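**Student:** below is the sequence, then the predicted model.
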Amino acid sequence: MFDSRIYNFSAGPSALPRDVLETAAAEMMNYGGSGLSVMEMSHRSSAFQRILDDAESDLRDLMGISDRYSVLFLQGGGTLQFAMVPANLMRKSFKADYVLTGMWTKKAAEEARKYGDVRIAATSEPSGFTEIPSVGPDDFRADCDYVYVTGNNTVFGTRWQSYPDTNDIPLVCDLSSGILSERIDVDRFGLIWAGAQKNIGPAGLVIVIVRKDLIGFASPGTPTMMNYKIMDEHGSLYNTPPTYAIYMAGLVFKNLKSLGGIDAAEALNRTKAKRLYDCIDASRMFTAPVAPDDRSRMNVIFKTGDSDIDRQFVEGAEARGLTGLAGHRLAGGMRASLYNAVTAEAVEALVRYIEEFDKAHAGGSHVPHQNL
């Protein structure tokens, strides 16, 4: 069987680093000699202000975020950002172009249509979202207020290897499941947002990194809590923020810095993903349906083609302490999420199980995919 700490491959809320959980446990009753838990602490206190300031400073350091950008710690999750982005950024033409690569971009586009003219500039829906469409500056309307993409697609397992050139049009990216997993050039984007529950911390927090010249243009009817300018002017403290989630995010940032930062995380993530994809490609039963050039390193989708066998695989994995492997209902099959906190040891345990299951159940031959 397995010990009390199982291997968590959930797409989110997802695994957190063990060191972070141990630190949080040790500080639960008494943070920094204050005699209080962070959960009991006033968000107006100097102690919490230091937590917030440190978290922002460490995130800026990790990602190379310049003073041209505001960093906001907000509530409402990613779904609220589907509305906040157009509410704040649709300001001139009230047009926006979206590149459709999965259900989250589709939901974002549907919400944005409530605020203006949304056009699907390109889509991979005809392929079942198994690839990233090729797009360039000519695919976008010259007068649109922004172009929107989802960096990594948790449901269908694709990722942008390189982000599209939009010329001077602000590029907006939902980076929820890719943030901190690989180095990106923040200066290429007008706005980046990320739900915390993948690579940052517990659910309940969303981080927005927005170029300062893009805020301050929300219409007068925009709800106060949806106005980036107001949140920025109040240092993310207009109302009570998700204080404990911010504290946990800060611990994750410090932990990542201690391990070598984003570059070290990216190197490990490349190794983990390659190990798992190589195993799947070499198997006789399993296939990874995503185009090799567009495969996600964070969410590995694989399946047998038989839903009953897929279910047996997931049930057997649970019995071994490998949890969270059932695929999304829209994609089926299996999904192994390999976020930063998922260890190489966990991936090795999954690889061993795939190999054993394949040997025990395969009854034919399988031609491996090219693994790029």
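**Tutor:** Received, thanks. Here the structure is a predicted model, which means the values were calculated and not measured.
**Student:** center of the protein, which residue is that?
**Tutor:** Centroid-nearest residue in the chain: Ser177, 1.4 Å away (criterion: CA atoms, centre = their mean).
**Student:** what's the strand or helix carrying Ser57 in contact with?
**Tutor:** Using DSSP states H and E, Ser57 falls within helix 46-63. If you take CB atoms under 8 Å, 6 or more residues apart in numbering as the criterion, helix 46-63 is touched by 31-32, 34, 36, 38, 41-42, 65, 71, 73, 180, 184, 186, 207, 209, 235-237, 241, 243, 246-247, 249-250, 253-254, 256-257, 261-262. Where C-beta positions appear, they are placed from N, C-alpha and C, glycine not excepted.
**Student:** enumerate the positions of it that are buried.
**Tutor:** 48, 51-52, 54-56, 58-60, 62-63 (16 or more other CB atoms under 10 Å).
**Student:** what's the domain layout of this protein?
**Tutor:** 19-258, 261-361 (automatic domain parsing).
**Student:** a markdown table for these, including mean pLDDT?
**Tutor:** Output for these, formatted as a markdown table (pLDDT from 0 to 100):
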| stretch | mean pLDDT |
| --- | --- |
| domain 19-258 | 97 |
| domain 261-361 | 96 |
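**Student:** so Asn227 makes contact with Ser219?
**Tutor:** No - Asn227 lies out of contact with Ser219 (CB atoms under 8 Å); the separation is 9.5 Å.
**Student:** of the two, who's got more company?
**Tutor:** Between Asn227 and Ser219, counted using other CB atoms under 10 Å, Asn227 has the larger neighbour count: 21 against 11.
**Student:** need the contact list for the nearest residue to the more buried one once chain neighbours are set aside.
**Tutor:** Distance criterion CB to CB, 6 or more residues apart in numbering; nearest residue to Asn227, sequence neighbours excluded, is Ala218 at 4.8 Å. Each residue near Ala218 by CB under 8 Å, 6+ apart is listed here: 87-88, 91, 226-229.
**Student:** how about the secondary structure of Gly32?
**Tutor:** Following DSSP: H, G, I helix; E, B strand; the rest coil, Gly32 is assigned to coil.
**Student:** quick thing: my sequence starts at 33, can you match it?
**Tutor:** Let's use 33 as the start, then, which means that last one is Gly64.
**Student:** for Asp340, give its distance to Asn372.
**Tutor:** Separation of Asp340 from Asn372 (CB to CB, to the nearest Å) stands at 34 Å.
**Student:** who has more neighbours, the two?
**Tutor:** Taking Asp340 and Asn372 together and counting by other CB under 10 Å, Asn372 has the greater number of neighbours (27 against 8).
**Student:** pretty sure the more buried one sits in a strand.
**Tutor:** No - under three-state DSSP, Asn372 sits outside any strand and is assigned coil.
**Student:** that one contacts Ile232, doesn't it?
**Tutor:** No - counting by CB under 8 Å, Ile232 is not a contact partner of Asn372; they are 9.3 Å apart.
**Student:** who touches both of those two?
**Tutor:** With CB under 8 Å, 6+ apart as the test, Asn372 and Ile232 both reach Leu212.
**Student:** now do the same contact list for Ser102.
**Tutor:** Contacts for Ser102 (CB under 8 Å, 6+ apart) come out as 240-242, 244, 247, 260, 264.
**Student:** just the buried residues out of those residues, in PyMOL syntax.
**Tutor:** Buried residues among the contacts of Ser102 (16+ other CB under 10 Å), as a PyMOL selection:
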select buried, resi 240+241+242+247+260+264
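**Student:** ok, the contacts of Ser102 vs Asp310, which is closest?
**Tutor:** Nearest to Asp310 among the contacts of Ser102, counting by CB to CB, is Ile241 at 34.0 Å.
**Student:** partner residues bridging that closest one?
**Tutor:** Beta-bridge partners recorded for Ile241 (DSSP bridges): Val103, Ile224.
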